[in-house]
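**Student:** below is the sequence, then the predicted model.
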Amino acid sequence: MFLSAATVLIASLIATGVVWYFLRRHAILDHPNARSSHASPVPRGGGLAVIAILVCAWAYVAPMAMQLEIWVVLLAAVLLATVSWIDDLRSLSPITRLLAQAAGVLPALIWFADSGLVFQGLLPPPLDLAASALAWLWFVNLFNFMDGIDAISAVEAISIGGGVALIASLAPASGLDPALGLTLAAAAIGFLVWNWPPAKIFLGDVGSVPLGFLLGWLLLKLAASGYWAPALILPLYYLADATITLVLRAARREPVWQAHRQHYYQRAVQRGRSHGRVSAAIAAANLLLAALAVLSLTQPWIALGLGGLVTAILLVWLSR
């Protein structure tokens, strides 16, 4: 497992460099605008390398019992990467993007119908499946929304992927192979070398959308196997920042689908904190959340309460 992860890290590091050269040569750049957090053009599309390496890695490490399910998930990720790459080159409508995401999510939900309930029996099975689809779609979009400063998405992918691998190792009953989370984290580390401030390359939608899709699948699989608390704790900061910001924008009757600079991490950068400092603070909070996810295996409610406290402190620090 660790050899596979090391191989993925090196492959992601090299492939991102190759993609960086390709993007620069073809002038595929993210130019600053009123909603940007960067000041000069940066190549956009690093997700081409990350997703390509990750698809190969998951196809290799997938346990035999999950081969068909993982192949469906990977094909859906490739579909989302393709549509998102087109969106990076020429903007698509929100409806087109949402339909592509639904086309990726729905086939993969077939396996959830035969597993445990994601919402732990609070909803009847048909509603549980529908709510799981909505939760997955929301996570895909919030992961994309939150990709607004250097290193933040790579840090979050490392945190969630590594956290899922840790929980899967400590709780074999989850049915997840730790190698899936570990290789995802490794691919993100390889990209982070290029994306750490000042970023030389951005993920682009081609990276953030399928990454959010794969991370969402890992978290839903944890919840469906009964480990709902770690599945909620690991992404808690992203869930809180994106959801609170969306609700506030909706309350002000602002278009929730448009790019903006109102997330807590964006406001921290606008107030003078560097991209590196903000991303490092999020990484530190995520490390605490990972420790609390482990605690939740025996004390779910205590861990969830402490996770909420960690997240609240981070949000206050970002907004001061």
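**Tutor:** Thanks, I have the structure now.
**Student:** got the contact list for stretch 92-110?
**Tutor:** Stretch 92-110 has contacts (Cβ atoms under 8 Å, 6 or more residues apart in numbering) with 69, 72-73, 76-77, 79-80, 83-84, 86-87, 129, 132-133, 136-137, 140-141, 209, 213, 217, 257. The C-beta positions use only the backbone N, C-alpha and C, and glycine is treated the same way.
**Student:** next: stretch 275-293.
**Tutor:** Defining contact as Cβ under 8 Å, 6+ apart, one finds that stretch 275-293 is touched by 37, 149-152, 155-156, 158-160, 162-163, 166-167, 196-199, 229-230, 233-234, 236-237, 265, 268-269, 303-304, 306-307, 310-311, 313-314, 317-318.
**Student:** and these, which of them are in strands?
**Tutor:** Judged by DSSP state E, these include no members of strands.
**Student:** and the residue positioned nearest the centre of the chain, how far from V155?
**Tutor:** In the chain, the C-alpha nearest the mean C-alpha coordinate belongs to G212, at 3.6 Å (Cα atoms, centre = their mean). Remark: distance between G212 and V155 (Cβ to Cβ, to the nearest Å) = 14 Å.
**Student:** okay, buried residues for the lowest-mean-pLDDT helix or strand in the chain please.
**Tutor:** Lowest mean confidence among the helices and strands of the chain (mean pLDDT, DSSP states H and E): helix 110-113, at a mean of 84. Across helix 110-113, burial judged by 16 or more other Cβ atoms under 10 Å covers 111-112.
**Student:** pull the distance from that helix to the chain's centre.
**Tutor:** In terms of Cα atoms, centre = their mean, to the nearest Å, the centre of helix 110-113 is found 21 Å from the chain centre.
**Student:** which pLDDT value belongs to the residue nearest to G307 when sequence neighbours are not counted?
**Tutor:** Spatially, and ignoring its direct neighbours in sequence, G307 is nearest to I233 (4.4 Å; Cβ to Cβ, 6 or more residues apart in numbering). Model confidence at I233, expressed as pLDDT, equals 98.
**Student:** one more: P300?
**Tutor:** At P300, pLDDT is 97.
**Student:** can you tell me the closest non-neighbouring residue to it?
**Tutor:** Per Cβ to Cβ, 6+ apart, closest to P300 is A229, 3.7 Å.
**Student:** would you map the strands across the stretch 201-320 of the chain?
**Tutor:** Taking DSSP state E, counting those that start in this stretch, the stretch 201-320 of the chain contains no strands at all.
**Student:** related to what we said a few turns ago, what residues does the residue nearest to the centre of the chain make contact with?
**Tutor:** By Cβ under 8 Å, 6+ apart, the neighbours of G212 are 139-144.
**Student:** looking at those residues, state which has the most neighbours.
**Tutor:** Neighbour tally across those (other Cβ atoms under 10 Å): the maximum, 27 neighbours, falls on V140.
**Student:** burial measure for the residue nearest to P300, as a count.
**Tutor:** That count, for A229 with other Cβ under 10 Å as the rule, works out to 23.
**Student:** ok, I95 next?
**Tutor:** Count around I95 with other Cβ under 10 Å applied: 9.
**Student:** and it, how far is that from T82?
**Tutor:** From I95 to T82 the distance is 17 Å (Cβ to Cβ).
**Student:** kindly report the same for A268.
**Tutor:** From A268 over to T82 (counting by Cβ to Cβ), the distance is 34 Å.
**Student:** same check on R261?
**Tutor:** Distance of R261 to T82, given as Cβ to Cβ: 28 Å.
**Student:** now do the SS call for the residue nearest to F213 when sequence neighbours are not counted.
**Tutor:** Among residues not flanking F213 along the chain, V140 sits closest, at 5.1 Å (Cβ to Cβ, 6+ apart). Secondary structure state of V140, per DSSP: H, G, I helix; E, B strand; the rest coil, is helix.
**Student:** start and end of stretch 225-242, how far apart?
**Tutor:** This stretch, stretch 225-242, spans 26 Å end to end (Cα to Cα, to the nearest Å).
**Student:** and for stretch 248-266?
**Tutor:** Stretch 248-266 end-to-end distance (Cα to Cα) = 15 Å.
**Student:** and it, what's its mean pLDDT?
**Tutor:** 84.
**Student:** stretch 146-155 now?
**Tutor:** Mean predicted lDDT for stretch 146-155 stands at 95.
**Student:** check which residues of it are buried.
**Tutor:** Under the neighbour-count criterion of 16+ other Cβ under 10 Å, stretch 146-155 has 146-155 buried.
**Student:** for the stretch 101-250 of the chain, which segments are assigned as helices?
**Tutor:** Applying DSSP state H, counting those that start in this stretch to the stretch 101-250 of the chain gives helices spanning 110-113, 125-145, 152-170, 178-195, 205-224, 228-233, 236-251.
**Student:** any chance of JSON lines for those, columns distance to L9?
**Tutor:** Shown next, in JSON lines, are the helices of the stretch 101-250 of the chain (distance: least, Cβ to Cβ, whole Å):
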{"stretch": "helix 110-113", "distance to L9": "29"}
{"stretch": "helix 125-145", "distance to L9": "21"}
{"stretch": "helix 152-170", "distance to L9": "11"}
{"stretch": "helix 178-195", "distance to L9": "4"}
{"stretch": "helix 205-224", "distance to L9": "16"}
{"stretch": "helix 228-233", "distance to L9": "24"}
{"stretch": "helix 236-251", "distance to L9": "23"}
